[in-house]
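# Pasting the sequence and the predicted model now:
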Amino acid sequence: MSLLSILGVISSAIFSGTSLLYTTLGETIDERAGIVNLGLEGVLLVSASVGFAVTSQTGNPYLGVLAATLAGGLMNLLLGFLVITRRANQLASGLAVMFFGFGLSALIGKPYVGARINGLPRFIMPGLSSIPALNSSQFKFDILIYLVVPIAILIWWLLFRTRWGLRLRAVGENANTAFAAGCSPQLIQYQALFLCGLLAGLGAAHLSIAWTMTWAEFMTAGRGFIAVALVIFSKWHPIRAIAGALLFGGAVAFQLLLQASGIAISPFLLDTLPYVLTVLVLIAWGGTRKHAAPASLGRVYQGTE
Amino acid sequence: MSQNIDTPFRTSLLISTMRVIVRYLIIFLVAFVLFGVILLIAGKDPVLAIKDTFSSTLRSAYGFSEVIVKMIPLIFAAIAVALPSRVGLINIGGEGQLYMGAWLATWGALTFSPLPPWILLPLMMLLGMIGGSLWAFIPAFLRARGLVNETITTLLMNYVAPSLVTFFIYGPWRSPGNALYPQTVDFVPAARLPTFWGTRVHLGLVIDLVLLVWYWYVMKYTRWGLEMRAIGGNPQAARRNGIPLTTYIIMVLCLGGALAGLAGMSEISGIHGRLRPGFSPGFGYLGFLISWLSGGNPIGILVMSFVMALVTSGGDILQINQGLPFAVVNILLAITLFVVLARPSFWKGMKA
């Protein structure tokens, strides 16, 4: 196998892992604030379709990214209204948002099936262009890829080094105590959900505008759920989430490697690889993860009266 | 004398029934109005779309029978979720279990095709149940051992099962005659569930109703149901009273998987007559929502299954008459759920 094809596999691993890392970071914030967001799959789809539609209409991929991000935030606020203001069951509300996303994205994306867009421009990382092996078209990445690790660090800083992050985690551990300490759990949970939506929107934008540059119904293929699993894998920690996303990207790369090497394995069996791997990793992580979970994850904050 | 005692009871029953009916009418009214608004924004005629949905499903005997047809797998899938939920387990894996049930049942249909129907059909049902419960056994075992929560494993495995099924359809089981649409060969007539009244309504409906009664009876009148409710109420207390938690977790999840597998078997045997990729438009997920909306109540499951079947049938109509993607029906579904979840204040005090 030539160096070029190995680089190609690594490059597609990075492309595939990026959208997942954004989504995982978002879910980490949600779960740290005590909310399990199963609606991410729908949020991603809506963001991807909105971003693609705006890019296609305006011809400007940056506007598309912006639109996708805002769409993600708004979708998550919808979930917030159900689980925070109306105190509905989080799992059922998440699935309802997922179904809403399925339908809404199909409606938004329908005129754009098969449309072509100018994706986010790709460029080689400044300073690396002198290395000739990397100076191929495969190692050019878009801005969202370069930003994802700094954003992961930023989220870590927000969660663990700021007053806001402390409050957010307090809400996730025990909302009543946080309320007694003088912060509003509802407000913080809304902020967490909105931020998560923005991040998921970035991930979805990367998927439809930067990587595949197409729109297809159900194109996210369970990434929303894999993100939920990766949050558990990363023990609710943004930096460890990078490892999780790399793992998933690695699974996709392995899949491509097998295909490229000509081993006759059905593509349908290879498709199951990321999910099987995610389950296996969760099993391997098993016993130790319990202490890391926010204590009131999934519990509805009933308010203090 | 007895009349004096009976009257207030009857009145309150009447009032509570009326309340429930009014509540659901309001839910659907609000849902349809919101759905109409979204259609209007999308540039479609909402009145026509909604009129089409109703006239094609409720105003003809055939349309109505098609709603019943859709209802059959939904009831299976809903009980598959409701049963584990009594123990406090969340089975969102109905979709995957359904596919694996259909997969193993297809294996039976293809392998034992010379058998007479009265052996072959029960055998396929059994295989369908085994397929679904084996798929459910993995998350059940992991949960029982305290390794991974069943919610996320069942969800992830939903993405594995359809791919496995597609692999078999494209690979070993592919029908040589049909190059355009990948699918298995047609089942022999003996492998088809009997249908009634010249419609597509099949024997699955009878099994559904029997299962609903069985579910109600088990939950209400057996030691088994009592212990399950005890675990659901307080697992620690149940364990200290000598109820075998691990056994129950595995048994109940596998039973749920078996029922979802039966849904898959009844779909391919009763409706399609062959295995094809993507034969389920999310019956497993719908089953979760039905079970949740009905609170695990058997009558509620029946009613909500009918409503969800009506909505999904409407999706076919929207696709044909309005040129909308089938997935758009999910919006109507989701809005209905939003209205239920958000519990607007006009029925404050009524239990959701």
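Arrived safely, thanks for sending. Everything quoted here is computed from the prediction, not taken from an experiment.
# Tell me the buried residues in the helix or strand containing A:Ala48?
Using DSSP states H and E, A:Ala48 sits within helix A:40-58. By 16 or more other C-beta atoms under 10 Å in any protein chain shown, the buried positions in helix A:40-58 come out as A:40-56. Using the backbone N, CA and C atoms, a C-beta is placed for each residue, glycine as well.
# go on, stretch B:216-230?
Going by neighbour count (16+ other C-beta under 10 Å), the buried part of stretch B:216-230 is B:218-219, B:225, B:227-228, B:230.
# Kindly report the same for stretch B:103-117.
Quick answer for stretch B:103-117 (16+ other C-beta under 10 Å): B:103-110, B:112, B:115.
# Equivalent analysis for stretch A:218-225, please.
A:219-225.
# what's next to that stretch, contact-wise?
Residues outside stretch A:218-225 that contact it (C-beta atoms under 8 Å, 6 or more residues apart in numbering or on different chains): A:19-20, A:23, A:38-45, A:48, A:98, A:102, A:200, A:203-204, A:207-208, A:212, A:275, B:152, B:155-156, B:158-159, B:327.
# Which of the residues you listed fall within helices?
The helices, defined by DSSP state H, take in A:19-20, A:23, A:40-45, A:48, A:98, A:102, A:200, A:203-204, A:275, B:152, B:155-156, B:158-159 from these.
# from the chain's centre, how far out does stretch B:53-62 sit?
22 Å (C-alpha atoms, centre = their mean, to the nearest Å).
# outside of that stretch, which residues touch it?
For stretch B:53-62, the surrounding residues in contact (C-beta under 8 Å, 6+ apart) are B:63-64, B:66-67, B:199, B:310, B:313-314, B:317-318.
# what about 10 Å?
Defining contact as C-beta atoms under 10 Å, 6 or more residues apart in numbering or on different chains, one finds that stretch B:53-62 is touched by B:32, B:35, B:63-67, B:70, B:197-200, B:309-311, B:313-318, B:320-322, B:329, B:332.
# Using ChimeraX, define a selection of the buried residues within the residues you listed.
Here is the ChimeraX selection string for the buried members of these, based on 16+ other C-beta under 10 Å:
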select /B:32,35,63,64,65,66,67,70,200,309,310,311,313,314,315,316,317,318,322,329,332
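# Just the ones in strands from the contacts of stretch B:53-62, please.
Under the assignment DSSP state E, these contribute nothing to strands.
# of the contacts of stretch B:53-62, list those near chain A.
Among those, the ones lying near chain A by C-beta under 10 Å from any C-beta of the partner chain are B:35, B:315, B:329, B:332.
# min pLDDT across those, which one?
When these are compared on pLDDT, B:Gly315 comes out lowest, with 72.
# that older thread, the buried residues of helix A:40-58: which ones sit near chain B?
Among the buried residues of helix A:40-58, the residues within reach of chain B (C-beta under 10 Å from any C-beta) are A:41-42, A:45.
# Could you count how many residues lie near the closest residue to B:Ala77 other than its chain neighbours?
Closest residue to B:Ala77 apart from its sequence neighbours, by C-beta to C-beta, 6 or more residues apart in numbering or on different chains: B:Gly287 at 2.5 Å. Look at B:Gly287: counted by other C-beta atoms under 10 Å in any protein chain shown, it has 33 neighbours.
# With B:Ile299 instead?
By the criterion of other C-beta under 10 Å, B:Ile299 has 10 neighbours.
# Verify the stated contact: it with B:Tyr215.
No. In terms of C-beta atoms under 10 Å, B:Ile299 does not count as a neighbour of B:Tyr215; the distance is 11.2 Å.
# where does the stretch 101-250 of chain B dip in pLDDT?
Applying pLDDT under 70 to the stretch 101-250 of chain B picks out residues B:177-180.
# which bits of it sit near chain A?
So the stretch 101-250 of chain B meets chain A at B:138-139, B:142, B:145-149, B:151-153, B:155-171 (C-beta under 10 Å from any C-beta).
# how would you label residue 279: helix, strand or coil?
As the question left the chain open, I've gone with chain A. With DSSP: H, G, I helix; E, B strand; the rest coil as the basis, A:Val279 sits in helix.
# wrong one, I was asking about chain B
Of the three states, B:Phe279 takes coil under three-state DSSP.
# so how far is stretch A:153-170 from its chain's centroid?
Stretch A:153-170 sits 19 Å away from the centroid of its parent chain (C-alpha atoms, centre = their mean).
# so how far does it reach from one end to the other?
Using C-alpha to C-alpha, to the nearest Å, the span of stretch A:153-170 from its first residue to its last is 20 Å.
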